[in-house]
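S.K.: Give the three-dimensional model of this entry:
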Amino acid sequence: MKSSNIIKLIIIAAMVIILLSVILRINGKESPGKNRSPSVKIIVATDLHYIASDLTDHGEYFQNMLDNGDGKIIHYIVEITDAFIEEMLKETPDALILTGDTTFNGAKRSHIELAEKLKRLTDEGITVLALPGNHDLYSSNAASFSGDSFEFVENTDSESFESIYRDFGYGDALASDKYSSSYIYQLTDDLRILLVDVNTKQAPGWITQKTLEWVEDQLIQAAEDEVKVIAASHQTVLEHSSQFSFGFVMGNNEDLLALYERYGVIMNLSGHMHIQHISQSKNGFTEIVTSALSVTPVQYGVIELNEREINYHTRATDLSSVRFEGNDENFPYRYFWNLSYEKVYGQIEDETDAPSLAEFFADVNTAYFTGTVDSIDWDDPRAARWKEMDLFVSRYFSSIEEERGTNHNTLSISFE
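M.R.: Numbering: from 1, shown residues only. Take a look at the predicted model:
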């Protein structure tokens with residue numbers, strides 16, 4: 001065959017390939033998932049509650065506030081954040097999702113300083129996707145702390161938040177909701193991350209009808225494009241405890257859940273509760289609440305996804321670089337346990353066995369927050385003693401005992 005004829009055949013073949021590609025694209029047969037990733041690793045972290053280093057001198061007022069708080073180790077949050085970022089640089093996930101309460105009290109300076117630290121990750125090619133929590137926007141508690149007093153400082157609104165975190169999801173969003181700081185991000189050819197914000201000034205804690213309509217539009221488009229969706233929010237979509245519902249579950253959650261179930265969203269990732277917990281709806285939709293990065297055991301969630309299954313497990317941040325007081329490596333655990341003990345002891349100090357009961361409560365509370373309910377010995381006589389008392393703790397214990405033997409730190413879901 002003449003060389004000229006061979007060249008013609010090659011040209012014709014190339015044109016046929018190009019034409020076929022165009023036809024497939026027009027007919028919707030070539031979806032964004034054509035070049036499917038064999039596996040994806042996503043890290044989810046939440047409730048960092050970062051405070052800028054120049055907003056506190058760790059004085060008397062600040063320390064008292066923490067010691068009367070909920071166990072967040074904000075005294076070392078700068079060092080913890082640095083250790084976490086170093087770990088992410090080693091982990092090299094395809095994405096790091098931060099599901100809200102990135103700052104301690106919504107101070108704009110804290111957001112800016114945290115964004116400067118997160119830039120180390122994006123500079124190394126790691127995608128970071130940020131979402132605001134209830135502590136991040138329109139906070140009336142944004143303050144600096146010095147000695148035995150505080151001073152109010154500039155807080156952050158949604159527009160400022162999206163600007164500060166432009167390089168962490170907002171600037172490259174596939175689509176954004178104009179009624180909230182919600183957005184959807186194309187992580188891989190066949191996977192999108194839907195981040196839903198319910199911390200608007202107009203309806204704090206509630207997902208509005210306009211945002212629900214926007215969410216449905218995104219899920220319809222994802223279905224048409226044949227791509228999977230993982231959702232994320234700060235407040236929860238499901239009720240994870242009968243004792244912690246109001247203020248933790250977002251308003252209009254049932255409407256959002258119905259959309260997620262209708263369009264086959266894989267799962268929802270959330271925070272807010274500071275408890276490590278996994279729950280499912282009656283129809284089998286899964287939500288994972290990852291415990292706070294600012295509370296023992298200072299852990300985050302690791303998600304590994306392929307075409308067959310999705311696996312989740314937690315991992316404690318390596319804090320060997322942090323110099324806690326007394327060089328106590330167990331400081332995060334001890335701090336949380338001691339706070340749990342002191343808070344409940346004051347309610348029962350007249351009981352003859354108060355110290356022992358308070359110790360048992362501290363053990364149970366720490367296990368519950370760390371997702372290790374399976375470590376609780378419910379046959380311990382102190383469990384029965386607590387349930388005899390007409391206190392909130394009695395109801396709290398009963399709600400936890402319903403999950404006896406459960407560990408909330410791992411999960412596997414297979415795809416059909």
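S.K.: Below-threshold pLDDT in the stretch 151-300 of the chain: ranges please.
M.R.: 245 (pLDDT under 70).
S.K.: now the helices: where do they sit in the protein?
M.R.: 3-26, 60-67, 77-91, 108-123, 158-164, 209-224, 253-262, 331-348, 354-369, 381-388, 392-401 (DSSP state H).
S.K.: Run the chain-centre distance for the third one.
M.R.: Spelled out, it's helix 77-91. Centroid displacement of helix 77-91 relative to its chain, using CA atoms, centre = their mean, to the nearest Å, is 16 Å.
S.K.: who touches that helix?
M.R.: For helix 77-91, the external contacting residues (CB atoms under 8 Å, 6 or more residues apart in numbering) are 41, 43, 45, 48-51, 53, 73, 96, 104, 114, 117-118, 120-121, 124, 126, 293-294, 298, 300, 302, 317-319, 321-323. All C-beta atoms are positioned from the backbone trio N, CA, C, and that covers glycine.
S.K.: can you rerun that using 6 Å?
M.R.: Y50, S53, L96, K117, R120, L121, T317, D318, L319, S321, V322 (CB atoms under 6 Å, 6 or more residues apart in numbering).
S.K.: How about the fourth one?
M.R.: Counting contacts by CB under 6 Å, 6+ apart, the residues outside helix 108-123 that touch it are 50-52, 85, 88, 102-103, 128, 154, 156, 164, 167-168.
S.K.: Name only those of those that count as buried.
M.R.: Y50, I51, A52, I85, M88, T102, T103, V128, T156, I164, D167, F168 (16 or more other CB atoms under 10 Å).
S.K.: residues in contact with the third one?
M.R.: Under the criterion of CB under 6 Å, 6+ apart, the contact list for A52 reads R109, S110, E113.
S.K.: Give me the domain ranges for this protein.
M.R.: Domain ranges of the chain: 1-30, 40-316, 328-401, per automatic domain parsing.
S.K.: How far off centre is stretch 379-393?
M.R.: 32 Å.
S.K.: if we take the contacts of A52, which one ends up nearest to A354?
M.R.: Lowest distance from A354 to the contacts of A52 (CB to CB) belongs to S110, with 39.1 Å.
S.K.: residues in contact with the closest residue to G371 other than its chain neighbours?
M.R.: Sequence neighbours aside, Q276 is the residue nearest to G371 in space, at 3.0 Å (criterion: CB to CB, 6 or more residues apart in numbering). When contacts are counted by CB under 6 Å, 6+ apart, Q276 touches S291, T370, G371, H408.
S.K.: So which of those wins on neighbours?
M.R.: In terms of neighbours by other CB atoms under 10 Å, the contacts of Q276 top out with S291 at 27 neighbours.
S.K.: my guess is Y179 meets Q209, correct?
M.R.: No. At 9.2 Å, Y179 does not count as touching Q209 under the criterion of CB atoms under 6 Å.
S.K.: out of the two, which sits in the more crowded spot?
M.R.: More neighbours surround Y179 than the other of Y179 and Q209, with 19 against 12 (other CB under 10 Å).
S.K.: can you pull the contacts of that one?
M.R.: Y179 touches K210, T211, counting by CB under 6 Å, 6+ apart.
S.K.: again, but for Y260
M.R.: F285.
S.K.: thinking again about what came up before, which of the buried ones among the contacts of helix 108-123 fall in strands?
M.R.: Members of the buried ones among the contacts of helix 108-123 lying in strands (criterion: DSSP state E): V128.
S.K.: now, among the buried ones among the contacts of helix 108-123, which is nearest to Y61?
M.R.: I51 (13.2 Å).
S.K.: Phi first, then psi, for that closest one.
M.R.: Main-chain dihedrals, I51, degrees, to the nearest 10: phi -130, psi 130.
S.K.: neighbours of the closest residue to it other than its chain neighbours, just the number please.
M.R.: Spatial nearest neighbour of I51, chain neighbours left out: F104 (4.0 Å); criterion: CB to CB, 6+ apart. Other residues lying near F104 total 26 when counted by other CB under 10 Å.
S.K.: was I right about F104 contacting D47?
M.R.: No. If you go by CB under 6 Å, F104 and D47 don't touch, sitting 10.2 Å apart.
S.K.: can you name the two of the contacts of helix 108-123 that are farthest apart?
M.R.: M88 and E154 (28.4 Å).
S.K.: before we move on, the earlier item: tell me which of the domains of the chain is the most buried.
M.R.: For the domains of the chain, the largest average neighbour count (mean count of other CB atoms under 10 Å) is found in domain 40-316, namely a mean of 19.
S.K.: What distance separates the opening and closing residues of it?
M.R.: In domain 40-316, first residue to last residue: 20 Å (CA to CA, to the nearest Å).
S.K.: what's the distance between that domain and the middle of its chain?
M.R.: Worked out by CA atoms, centre = their mean, domain 40-316 lies 5 Å from the chain centre.
S.K.: which regions of the stretch 1-150 of the chain sit below the pLDDT cut-off?
M.R.: Using pLDDT under 70, the stretch 1-150 of the chain drops low at 1-37.
S.K.: Next, the closest residue to L339 other than its chain neighbours: phi, psi?
M.R.: In this structure, L339 finds its nearest non-sequential neighbour in G71, 5.1 Å apart by CB to CB, 6+ apart. With angles defined as degrees, to the nearest 10, G71 sits at phi 100, psi 10.
S.K.: ok, now S182?
M.R.: Taking degrees, to the nearest 10 as the convention, S182 sits at phi -80, psi 150.
S.K.: Might you report the residue contacts of it?
M.R.: By CB under 6 Å, 6+ apart, S182 lies in contact with V196, D197, T211.
S.K.: Output those residues as a markdown table; include the columns distance to R334.
M.R.: As requested, those are arranged in a markdown table below (distance: CB to CB, whole Å):
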| residue | distance to R334 |
| --- | --- |
| V196 | 36 |
| D197 | 35 |
| T211 | 42 |
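S.K.: which one of those residues sits closest to F145?
M.R.: Distances from F145 to the contacts of S182, taken by CB to CB, are shortest for D197, at 27.8 Å.
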